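# I'll drop the sequence and a predicted model, then ask my questions.
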Amino acid sequence: MSSNVPPEPSGSRVVAIDVGVLAGLVADVVVAEAAVASAEVARVRALAAVGRLALDAAATTRASVRAAEMALREVASEVAAACRASDRTVQRDIDDAVMLVESFPRTVAAWESGAISRRYVRVIADAGAGLPAERRADFDAEAVSLAGEASSPGRLKSRLAVAAQRLHPRTVTERHRAARELRCVRVVPAAEGMSDLIATLPTVLAEAIHDRVTQQARVIVDAARDAKAGDGLGDAAPGDMASTGGVARGGTASPTGRASGDGAVDGDPVAGPVLPKRDTRTMGQVRADVFADMLLTGDPTLDPTRPDDGPGTLGKIRARVQVVVPAVTMLAPGGENAAPAELVGRGPIDAETARRLAEATRVPWDRVITHPATGAVLHTDTYHRTTAIDRHLRARDRRCRWPGCTAPAIRCEIDHTTDWAHGGATDVRNLACLCQRHHTQKQFTRWSVTQLPDGLLEWTSPTGRVYTDHPDPYPSAVPPASVRFAPDPAPWEKRVDDDETAGP
């Protein structure tokens with residue numbers, strides 16, 4: 001009698017997994033994948049319909065490019081607010097959905113039937129996005145056929161690249177010139193106070209940058225190894241490194257120890273001051289430090305204002321970040337989990353980094369006085385002469401006040417909730433921070449806003465939905481649960497303390 005269960009390997013010990021139970025679980029996963037695919041396709045079709053609604057409306061009225069963009073922003077904001085998501089993310093999802101449904105209908109149908117997964121769809125869309133519209137139908141048909149033969153999205157990707165190359169009417173050189181127009185730098189927040197800084201560059205430049213920081217890191221590693229050998233510490237471990245770096249006044253970090261600007265002091269807001277101890281940073285870590293040092297302290301050679309004998313305007317620009325540090329965190333770092341420091345728009349940062357920034361920078365700090373129970377902003381002051389209203393708004397809002405937006409207030413514009421031209425006052429009760437994108441949307445779409453007491457903004461969408469945006473509260477100095485107020489006694493009631501304190 002034959003069996004489909006493979007025999008156990010001879011001469012080895014294996015974990016005895018019940019293959020019958022495993023087979024059932026695998027079937028459950030396959031069924032769940034089909035259900036997820038069906039829901040994802042329904043969402044994509046709905047988003048595509050939303051996008052097409054805006055595009056058709058703009059085409060019917062022969063709207064300008066700007067008006068068409070505002071129409072897309074308006075519908076994206078409506079969906080985003082209803083789903084409690086970022087309108088930028090939703091607008092990207094709408095753009096992707098329109099392209100998928102209209103340019104790759106066979107791929108979407110295969111996805112809907114469960115023949116391929118979302119991972120395959122993403123690979124197909126990425127490979128075919130660069131093709132002109134008239135070539136996408138042929139690519140769509142070939143991609144679905146290839147997806148049925150490929151055992152993984154990774155294997156499909158290389159085959160699709162060949163197919164796209166064959167169908168594209170332009171040469172590689174022509175497409176590279178167009179692709180260079182998309183170069184950019186962006187930050188992707190991660191956990192534990194870390195982020196990914198991603199630069200999209202021509203491959204030759206990206207490889208050259210990586211090679212240069214690697215060579216510079218190798219020099220530092222070799223110097224550290226020689227120093228340790230000279231001190232009688234023996235051979236350094238492969239990951240050992242040179243000493244830690246410095247911070248320049250004005251808030252500019254110098255991770256490799258090179259000072260920048262006047263009044264430089266030793267130390268790094270993350271790594272700490274230079275200490276006479278062995279450094280065990282890895283090659284990857286020092287490569288990242290060199291990279292950060294060059295970006296924060298270097299003078300770009302492409303500076304159009306640069307004279308022959310020194311740096312120009314670009315070399316004088318220093319990085320800016322907006323940090324909120326509770327006083328209790330500065331005085332008692334052990335309690336930072338209850339009242340963490342915050343990099344506005346990104347999330348908590350460690351107390352050590354916050355304290356070193358406070359000690360090293362010459363940029364004036366604003367003192368923010370908050371309500372001890374609610375955390376609402378009551379007052380701001382500083383020893384330096386600045387615009388009081390702007391200080392108050394940055395302290396109160398801390399971010400763009402459009403629902404769901406996290407753009408820091410330092411990169412926002414100050415907007416009159418009720419336009420000044422319509423009688424709106426230039427007062428904190430009629431002003432709020434809005435990033436450039438959402439400031440424009442407020443002006444040129446049918447969204448409306450009313451400012452309520454305590455800085456609350458009540459947004460009304462074009463379909464009549466209402467969303468209230470609250471300023472992010474500061475940590476309470478005293479937990480509300482620990483505050484108790486005794487009722488005042490009636491005038492005729494006798495108070496013990498009155499008797500005890502009354503004179504003869």
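Yes, it's here.
# Point out where the stretch 51-200 of the chain drops to low pLDDT.
Scanning the stretch 51-200 of the chain for pLDDT under 70 picks out nothing.
# need the strands for it, in chain order.
Counting by DSSP state E, counting those that start in this stretch, the stretch 51-200 of the chain has strands at residues 184-189, 195-200.
# who does the first one touch, helix- and strand-wise?
Yep, that's strand 184-189 we're talking about. strand 195-200 (3 or more CB pairs under 8 Å, 6 or more residues apart in numbering; DSSP states H and E). C-beta coordinates here come from the backbone N, C-alpha and C atoms, glycine included.
# So what touches the strand it packs on?
For strand 195-200, the surrounding residues in contact (CB atoms under 8 Å, 6 or more residues apart in numbering) are L182, R183, C184, V185, R186, V187, V188, P189, A190, A206, I209, R346.
# With respect to F139, which of the strands of the stretch 51-200 of the chain lies nearest?
Smallest distance to F139 across these (CB to CB): 23.4 Å, for strand 195-200.
# List the strands paired with that closest one, with their directions.
Strand 195-200 has these partner strands in its sheet, going by DSSP bridges: strand 184-189 (antiparallel).
# ok, residues contacting the strand it pairs with?
S195, D196, L197, I198, A199, T200, R346, G347.
# ok, so of those, who is nearest A58?
Among these, T200 lies closest to A58 (CB to CB), at 28.9 Å.
# Tell me how far the closest one lies from F291.
16 Å (CB to CB, to the nearest Å).
# quick one, which of the two is more surrounded?
The residue with more neighbours, out of T200 and F291, is F291; 19 against 12, by other CB atoms under 10 Å.
# what's the closest non-adjacent residue to the more buried one?
V213 (5.0 Å; CB to CB, 6 or more residues apart in numbering).
# how many neighbours does G464 have?
Residues near G464, counting by other CB under 10 Å: 6.
# and the gap between it and A179?
43 Å.
# thinking again about what came up before, of all the strands of the stretch 51-200 of the chain, which one is nearest L160?
Once those are compared by CB to CB, strand 195-200 is nearest, at 20.5 Å.
# Just the CA trace of that closest one, in PDB.
Extracted in PDB, the C-alpha atoms of strand 195-200 (Å, rounded to 0.1, in the frame of the first residue of the first chain):
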ATOM      1  CA  SER A 195      14.400  56.400  10.800                       C
ATOM      2  CA  ASP A 196      15.400  55.300   7.300                       C
ATOM      3  CA  LEU A 197      16.800  58.200   5.100                       C
ATOM      4  CA  ILE A 198      16.300  57.100   1.500                       C
ATOM      5  CA  ALA A 199      17.800  58.800  -1.500                       C
ATOM      6  CA  THR A 200      16.600  57.900  -5.000                       C
END
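# Give me the buried positions along the helix or strand just after that strand.
Downstream of strand 195-200, the next assigned helix or strand under DSSP states H and E is helix 203-230. Buried residues in helix 203-230, counting neighbours by 16 or more other CB atoms under 10 Å, are found at V213, Q216, A217, I220, V221, A224, R225, K228.
# Stretch 462-472 too?
Here stretch 462-472 shows Y467, D469, P471 as buried, counting by 16+ other CB under 10 Å.
# where exactly do the helices run in the stretch 51-200 of the chain?
Ranges of helices in the stretch 51-200 of the chain, per DSSP state H, counting those that start in this stretch, are 65-83, 87-103, 105-113, 118-128, 133-149, 153-167, 172-180.
# Can you tell me which of those helices is nearest to V31?
Among those, helix 105-113 sits nearest to V31 (CB to CB), with 14.3 Å.
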